[in-house]
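Asks: no FASTA, just this:
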């Protein structure tokens with residue numbers, strides 16, 4: 001989990017399907033409206049410019065506790081919302097690849113068909 005800043009208010013969960021079968025997930029919680037000035041940010045101030053030469057109007061920003069990750073598993077928004085703490089700290093580092101998941105699913109489908117054809121299921 002890390003602090004994240006946005007110019008606009010964000011949804012708690014954003015899920016984006018990718019063409020390769022993976023998913024990009026953004027999880028945000030604990031929304032707080034802050035000013036960039038209170039964060040020590042001077043957006044647009046060029047290096048070498050004296051602070052008294054630059055008139056900066058403070059602007060509101062939205063700060064969240066957040067996490068962004070890419071996963072091979074199809075995420076469920078309701079599941080994420082029901083356990084935000086888990087997903088704010090989630091890491092997809094140990095997940096299998098898309099190819100591994102496809103291979104496993106093919107094996108499961110084959111075994112299921114064999115059980116059906118054999119009259120076991």
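Replies: On my side now, so go ahead. What you see is a predicted model; the values in this text were computed from it and never measured. Residues are numbered from 1 along each chain as shown.
Asks: tell me which other helices or strands the longest helix anywhere in the chain touches.
Replies: In the chain, with assignment by DSSP state H, the single longest helix is helix 98-117. Contacts defined by 3 or more Cβ pairs under 8 Å, 6 or more residues apart in numbering; DSSP states H and E place helix 98-117 against no helix or strand at all. In short, each C-beta sits where N, CA and C put it, glycine included.
Asks: find the nearest non-adjacent residue to the residue nearest to the spatial centre of the chain, please.
Replies: By Cα atoms, centre = their mean, the mean C-alpha position of the chain lies nearest to residue 26, the distance being 2.0 Å. Once flanking residues are discounted, residue 26 sits nearest to residue 14: 4.3 Å by Cβ to Cβ, 6 or more residues apart in numbering.
Asks: neighbouring strands - and their directions - for the host helix or strand of that neighbour?
Replies: Secondary structure from DSSP states H and E places residue 14 in strand 13-17. Paired with strand 13-17 in the same sheet, following DSSP bridges, are strand 23-35 (antiparallel).
Asks: run through who's touching the strand it pairs with.
Replies: Applying Cβ atoms under 8 Å, 6 or more residues apart in numbering, the external contacts of strand 23-35 come out as 4-5, 9-18, 58-75, 80, 84, 87-88, 90.
Asks: show me the residues you listed that map onto strands.
Replies: Judged by DSSP state E, the contacts of strand 23-35 include 4-5, 13-17, 60-71 as members of strands.
Asks: so residue 26 versus residue 71, what's the distance?
Replies: 12 Å (Cβ to Cβ, to the nearest Å).
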